[in-house]
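In: pasting a predicted model and its sequence here:
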2 protein chains.
Amino acid sequence: MAAMSFELLKTSSDTAARRGRIHTPHATIETPVFMPVGTQATVKTLSPEELMEIGAHIILSNTYHLHLRPGEDIVQGAGGLHGFMHWPRAVLTDSGGFQVFSLSNLRKISEEGVEFRSHISGEKRFLSPERSIEIQHALGADIIMAFDECPPHPADREYIYNSLLRTTRWAKRSKEAHHRTSQQALFGIVQGGMELDLRRFAAESLVELDFPGYAIGGLSVGEPKPLMNEVLAHTTQYLPADKPRYLMGVGAPDDLFEGVMRGVDMFDCVLPTRIARNGTVFTSTGKLVVRNAGNAKDYAPLDEHCDCYVCKNYSRAYIRHLVKAEETFGIRLTSYHNVYFLVKLMEKIRVSIENGTFLALRKQFYDAYGYNENAMC
Amino acid sequence: MAAMSFELLKTSSDTAARRGRIHTPHATIETPVFMPVGTQATVKTLSPEELMEIGAHIILSNTYHLHLRPGEDIVQGAGGLHGFMHWPRAVLTDSGGFQVFSLSNLRKISEEGVEFRSHISGEKRFLSPERSIEIQHALGADIIMAFDECPPHPADREYIYNSLLRTTRWAKRSKEAHHRTSQQALFGIVQGGMELDLRRFAAESLVELDFPGYAIGGLSVGEPKPLMNEVLAHTTQYLPADKPRYLMGVGAPDDLFEGVMRGVDMFDCVLPTRIARNGTVFTSTGKLVVRNAGNAKDYAPLDEHCDCYVCKNYSRAYIRHLVKAEETFGIRLTSYHNVYFLVKLMEKIRVSIENGTFLALRKQFYDAYGYNENAMC
């Protein structure tokens, strides 16, 4: 029996937005879904109980980081990421490919794989499709990723073409190396830069290999948003309707709307916890820099329309004080609120797809944020 | 009606240990008690709900820090510390005296008060008995402290004598400035350095002023432990049995035992959260430096005999990973465990006083920690 199954519950009539449900060994996930990121086996500052209270059913963790520290053997010894982190719901791990190309030094790419130096210790390491899958087996996530190359942006067409041919060969090798199919579901990753025909080619090549789900990589890498959304729309149409689609590393509120309306089911992004560390939060009317002096005597909650633990119990004045005083609890509160904000936004999006009011919700959100909905396309 | 009342429930027959109960506007506190420290209106890394789950009924916060940042007016605008922090139980504030002498620059002491420069902004500030009480009124703690000078150690006898005469005059002025006696209870602070006769003189002078409780300051300032314990025993005997006694800034596990057996009811210390930030935790058999390499593959809890949230759910291997990776959640876990450890140790001490087994508990604890109980006296 397969580790994962996907139910497509509804497709919008006016956009490509989909309402679905993913069954995994550790959780059932309503889609579209936002996945909080726990890079180093912790969603920064938050406890597993808080993530459950927030309503997260799946979180992401990073193979590259965990391989370097603490090492997958240590995670495996605790019963995989679920036991190590004390997280009972679903986990997704990436393949390490993206970080090898974005974080490590002195990469040497060959057909076999990538030699690189750890950004922590400087020691030489090697990742290949087989090695990445082996590490992801040790980490034990419900959903794992094929090993891929994410080409830089911009890159010339020939580089992108050769890269995606290799990524497709690596996807095949990843699949062949993956034997734990009843415990972990392996997704292929569509690359192809901003070249529409190469995106199609990449998608079709992967679909031939028949993965239980497909990720879309190499977007949100510095290109303008309209271009990202064009490439995205072009890509999802070549992916099978009955398999989940995951847009990697994307998760600003407007990106979630734009991705959903182009048929994406899963998103992840470090944005909510990253901006939280700078004392910035999402609100229903736009971003708020809570550390600004204007909040010093403001006893209102971060967002008047939010019913999260933070907004029910704490004022902007208190949170600003904590952030200014560099108190950890301040970052806990901003992180909690921001993750809650995106998880709840996705809940609202799911309801809107069910009710046929997705575009109205999008317009309402963009109006409140002062965004121009036409600028996204 | 007075803000606070104290019930003395039992006095040990073989030591000066006491079992009591303090009633305050926001909580009833079983004594002896350990009070976690929330210097900047937050017990570092922990939420109020976690502190309640741990079993804390009173926490301490610092007048000096809150006066400088965010300013007592901002705290008062939120309804005082209870509203600002979202902490429904009792709070105690110190007078700012200790920090003025230990943290600030360019102090100028006069009969009127102390001029100093903020350690944050460098600006000139002035604290006096009247000003300290005014600030503590704005902060709104259940228990507040008279403004005192904590002389350096060592200091010559004449300095200590003149200082304590002034501290006693300041205590009188603090009392005269304190009109909110039905909302907040004001304690006097016994100083006197390591001079036994001056400690007696200071205690007797304060007792004449009739405070609802007495703090003992100027200990644990660098003197050897046997000397501290001698001065402490000498001081408590001149304090009335029917008022609570608070040993300021002291809270290593052995200090709690030694303080309790000399008749102390209340303790506070930053130690549990401070060592937690370095990855060190208390266990029933001594301190554990969880960041050490030896814990890398140790899937045991921090303390096999602890039933706290952390020990029930997380391994040394996971916590070591988080601490090494500089993840905030690691410090949350070590802080939670350490505060729990001291709060629970006090619970055990209270039960042992009730049962007449205090000295047996002390011996058992010292044996497990490898301490020599005779070295403390």
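Out: Ah, there it is.

In: who does the helix or strand of chain A at the bottom of the mean pLDDT ranking pair up with?
Out: When the helices and strands of chain A are scored by mean pLDDT, DSSP states H and E, strand A:105-109 comes last with a mean of 83. Applying DSSP bridges, strand A:105-109 is found paired with strand A:114-117 (antiparallel).

In: helix or strand right after the partner strand?
Out: strand A:124-127 (DSSP states H and E).

In: which parts of that next one are buried?
Out: Using 16 or more other CB atoms under 10 Å in any protein chain shown as the test for burial, strand A:124-127 gives A:125, A:127. Using the backbone N, CA and C atoms, a C-beta is placed for each residue, glycine as well.

In: what comes into contact with it?
Out: Taking contacts as CB atoms under 8 Å, 6 or more residues apart in numbering or on different chains, the residues outside strand A:124-127 that touch it are A:64, A:67-68, A:96-97, A:100, A:104, A:113-118, A:147.

In: now the least confident helix or strand of chain A: how far from the chain's centre is it?
Out: Centre-to-centre, strand A:105-109 and its host chain are 25 Å apart (CA atoms, centre = their mean, to the nearest Å).

In: now render the contacts of strand A:124-127 as JSON lines, adding distance to B:His26 and pLDDT.
Out: Listed next are the contacts of strand A:124-127 as JSON lines, based on distance: CB to CB, whole Å; pLDDT from 0 to 100:
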{"residue": "A:Tyr64", "distance to B:His26": "49", "pLDDT": "96"}
{"residue": "A:His67", "distance to B:His26": "50", "pLDDT": "97"}
{"residue": "A:Leu68", "distance to B:His26": "48", "pLDDT": "96"}
{"residue": "A:Gly96", "distance to B:His26": "51", "pLDDT": "94"}
{"residue": "A:Gly97", "distance to B:His26": "55", "pLDDT": "89"}
{"residue": "A:Val100", "distance to B:His26": "54", "pLDDT": "88"}
{"residue": "A:Ser104", "distance to B:His26": "53", "pLDDT": "73"}
{"residue": "A:Gly113", "distance to B:His26": "62", "pLDDT": "96"}
{"residue": "A:Val114", "distance to B:His26": "59", "pLDDT": "95"}
{"residue": "A:Glu115", "distance to B:His26": "62", "pLDDT": "94"}
{"residue": "A:Phe116", "distance to B:His26": "56", "pLDDT": "93"}
{"residue": "A:Arg117", "distance to B:His26": "56", "pLDDT": "92"}
{"residue": "A:Ser118", "distance to B:His26": "51", "pLDDT": "90"}
{"residue": "A:Phe147", "distance to B:His26": "57", "pLDDT": "98"}
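
In: and the residue most central in space within chain A, its phi and psi?
Out: Central residue of chain A (CA atoms, centre = their mean): A:Asp268, 1.7 Å from the mean position. Backbone geometry at A:Asp268, expressed as degrees, to the nearest 10, gives phi -140, psi 150.

In: quick one on the thing from earlier: buried ones among the contacts of strand A:124-127?
Out: Neighbour counting by 16+ other CB under 10 Å classes A:64, A:67-68, A:96-97, A:100, A:104, A:113-116, A:118, A:147 among the contacts of strand A:124-127 as buried.

In: would you turn the residues you listed into JSON lines with distance to B:Glu354?
Out: Formatted as JSON lines, the buried ones among the contacts of strand A:124-127 follow (distance: CB to CB, whole Å):
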{"residue": "A:Tyr64", "distance to B:Glu354": "56"}
{"residue": "A:His67", "distance to B:Glu354": "54"}
{"residue": "A:Leu68", "distance to B:Glu354": "53"}
{"residue": "A:Gly96", "distance to B:Glu354": "58"}
{"residue": "A:Gly97", "distance to B:Glu354": "62"}
{"residue": "A:Val100", "distance to B:Glu354": "62"}
{"residue": "A:Ser104", "distance to B:Glu354": "61"}
{"residue": "A:Gly113", "distance to B:Glu354": "66"}
{"residue": "A:Val114", "distance to B:Glu354": "66"}
{"residue": "A:Glu115", "distance to B:Glu354": "67"}
{"residue": "A:Phe116", "distance to B:Glu354": "63"}
{"residue": "A:Ser118", "distance to B:Glu354": "56"}
{"residue": "A:Phe147", "distance to B:Glu354": "63"}
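
In: in three-state terms, label A:Ala215 for me.
Out: strand (DSSP: H, G, I helix; E, B strand; the rest coil).

In: is it in contact with A:Ile143, as I believe?
Out: No - counting by CB atoms under 8 Å, A:Ala215 sits too far from A:Ile143 to count as a contact (9.4 Å).
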